[in-house]
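# using only what follows, build the 3D model:
(one chain, ligands or ions: 1)
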Amino acid sequence: MARKMKILITGAGGQLGQEFAANATLRNDEIILWSREKVDICTDDVAEKLALAQPTHVINCAAYTAVDLAENHKEQAYAVNAEAVKKIALACSTLNIPVIHFSSDYVYHNNLRSPLLETDPCRPKGIYAKSKLKGEKLLLEHHPYPVIFRVSWLYSTFGKNFPKTIAHLASQRPELNVVRDQVGAPTYAKDLVEAVLQIIRNQKTETDWKAIRGVYNYSNEGLTNWFEIARSIVRFRHLNCQINPIPSREFPTAAPRPRYSKLNLSKFKGTFGIKIRNWYDALEECLGKLQTKDH
Ligand SMILES: NC(=O)c1ccc[n+]([C@@H]2O[C@H](COP(=O)([O-])OP(=O)(O)OC[C@H]3O[C@@H](n4cnc5c(N)ncnc54)[C@H](OP(=O)(O)O)[C@@H]3O)[C@@H](O)[C@H]2O)c1
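Numbers count the residues shown, from 1 in each chain. I've put the predicted structure just below:
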């Protein structure tokens, strides 16, 4: 019989946190949901609160994710994405429990043009990206067996994200301009959550966790760009909206975006033996679920 787990999820009100909550509940695992309102991970007593909750695993979904706002809120971004991660690392290390954490393709930003490897240089440009890399480093320094997933272009039926925004706007407007010169692959949060829960289940001992310790890329398979994703959304939804390709320079943002975000998934697939589906199939499923939710 599968071991009963008590998984504590921080940032439970965010898109990934809500996806974990939905999926873990379905599977009958015990979960403790820490939304920001319930526990702010930046507070000094986070270690005491973790000890009191007695989880078997911690999944850190809390993050400062306002990429452009972060440029003017450096302290806040570092407090959540780096310093709080260190606190969680130390607390989980003391409790001797695994901690799973998420980072971003933005940490690479290295101008390479071949699928990015976990060992490739990291040259993050904006505050968000820099604070996420700092968080990774602190976690690896202060916990003996953390597992970190660097994900690209996350979306879900929950929260705010690009596919939801496009599906909405394209139902209201005759045309939309969307950037074509940033390439990568989106990550359906549901696929990521299922993979992470399977990985957690498969690691029975501390030795197992030590064997997989480290950083892993994760996204859906394939290579695409925002323009193509937007066009697919219009097609799936049978919307009457023309999507026009534009270069990034016509859509300036406070924080620079990497042009190339395609992640090499070999380490993830080789280590965990988990298949990853194509971005297009995952997106189609998510849009179908959204439609059911909306009606
Ligand atoms: N979204 C993407 O495209 C993307 C891409 C790559 C990687 N990631 C990474 O994936 C992870 C999950 O992202 P997401 O898209 O689920 O983000 P999200 O929807 O913004 O969720 C983050 C959650 O963390 C909460 N939070 C912020 N500060 C907190 C604090 N001090 N204490 C407790 N909770 C706090 C937020 O609450 P409030 O809403 O109240 O602030 C929010 O509910 C993050 O590590 C992110 O960096 C995301």
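# give me every residue that touches V39.
T10, V46, K49 (CB atoms under 8 Å, 6 or more residues apart in numbering). The C-beta positions use only the backbone N, C-alpha and C, and glycine is treated the same way.
# among the residues you listed, which ones are in strands?
When these are checked against strands (DSSP state E), the matches are T10.
# for the ligand, state which of the contacts of V39 is nearest.
Nearest to the ligand among those is T10, at 5.8 Å by CB to the nearest ligand atom.
# that closest one touches I41, doesn't it?
Yes. T10 is within contact range of I41, at 5.4 Å (criterion: CB atoms under 8 Å).
# of these two, who's got more company?
T10 (29 against 21; other CB atoms under 10 Å).
# T187: neighbouring residues, count only.
T187: 25 neighbours (other CB under 10 Å).
# list the contacts for it?
Taking CB under 8 Å, 6+ apart, one finds V151, S152, W153, L154, Y155, Y218, S219, N220 in contact with T187.
# so which of those sit within strands?
Using DSSP E, the contacts of T187 in strands are V151, L154, Y155, Y218.
# and of the residues you listed, the nearest to the ligand?
Once CB to the nearest ligand atom is applied, the member of the ones in strands among the contacts of T187 that ends up nearest the ligand is L154, at 3.5 Å.
# for E30, see how far away the nearest residue to that closest one once chain neighbours are set aside is.
Leaving aside its sequence neighbours, L154 sits nearest to T187 (CB to CB, 6 or more residues apart in numbering; 4.9 Å). T187 is 26 Å from E30, where distance means CB to CB, to the nearest Å.
# can you check V147 too?
On the measure of CB to CB, V147 and E30 end up 20 Å apart.
# ok, and which of the contacts of V39 reach the ligand?
The subset of these within reach of the ligand, by CB under 6 Å from any ligand atom, is T10.
# ranges for the helices of this structure?
15-26, 46-53, 74-78, 84-95, 127-142, 162-172, 189-202, 206-212, 226-237, 266-272, 279-294 (DSSP state H).
# and the angle from the last one to helix 189-202?
What that stands for is helix 279-294. Going by axes from the mean of the first three to the mean of the last three CA atoms, to 10 degrees, helix 279-294 is angled at 100 degrees with respect to helix 189-202.
# residues in contact with helix 279-294?
Against helix 279-294 from outside (CB under 8 Å, 6+ apart): 155-157, 163-164, 167, 185-186, 188, 190-191, 219-222, 224, 229, 232-233, 236-237.
# try 7 Å
155, 157, 163-164, 167, 185-186, 188, 191, 220-222, 224, 229, 232-233, 236-237 (CB atoms under 7 Å, 6 or more residues apart in numbering).
# that one near the ligand at all?
No. Helix 279-294 stays clear of the ligand (CB under 6 Å from any ligand atom), getting no nearer than 13.3 Å.
# again with the third one
No. On the criterion CB under 6 Å from any ligand atom, helix 74-78 is out of touch with the ligand, staying 8.2 Å away.
# in that helix, what counts as buried?
Q76, A77, Y78 (16 or more other CB atoms under 10 Å).
# same question for the last one.
Of all the residues in helix 279-294, those buried under the rule 16+ other CB under 10 Å are W279, Y280, A282, L283, E284, E285, C286, L287, L290.
# angle of it against helix 162-172?
For helix 279-294 against helix 162-172, the angle by the same axes, to 10 degrees is 60 degrees.
# who in the chain is up against the ligand?
Near the ligand, when you scan the chain using CB under 6 Å from any ligand atom, you find 10-11, 13-17, 36, 40-42, 61-65, 80, 102, 104, 132, 151-154, 159.
# select only the buried ones of those in PyMOL?
Selecting the buried subset of the residues of the chain next to the ligand in PyMOL, with 16+ other CB under 10 Å as the burial test, is done by:
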select buried, resi 10+11+13+14+15+16+17+36+40+41+61+62+63+64+65+80+102+104+132+151+152+153+154+159
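# would a markdown table of the contacts of T187 with pLDDT be doable?
Formatted as a markdown table, the contacts of T187 follow (pLDDT from 0 to 100):
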| residue | pLDDT |
| --- | --- |
| V151 | 98 |
| S152 | 98 |
| W153 | 98 |
| L154 | 98 |
| Y155 | 98 |
| Y218 | 98 |
| S219 | 98 |
| N220 | 98 |
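# of the residues you listed, which pair is most distant in space?
By the measure CB to CB, Y155 and Y218 form the most distant pair in the contacts of T187, at 13.5 Å.
# and the residue nearest to E118 when sequence neighbours are not counted, what does it touch?
Leaving aside its sequence neighbours, E118 sits nearest to V215 (CB to CB, 6+ apart; 4.9 Å). Listed by CB under 7 Å, 6+ apart, the contact partners of V215 are E118, E136, I148, R150.
# if anything else comes up later, I'll come back, but that's it for now.
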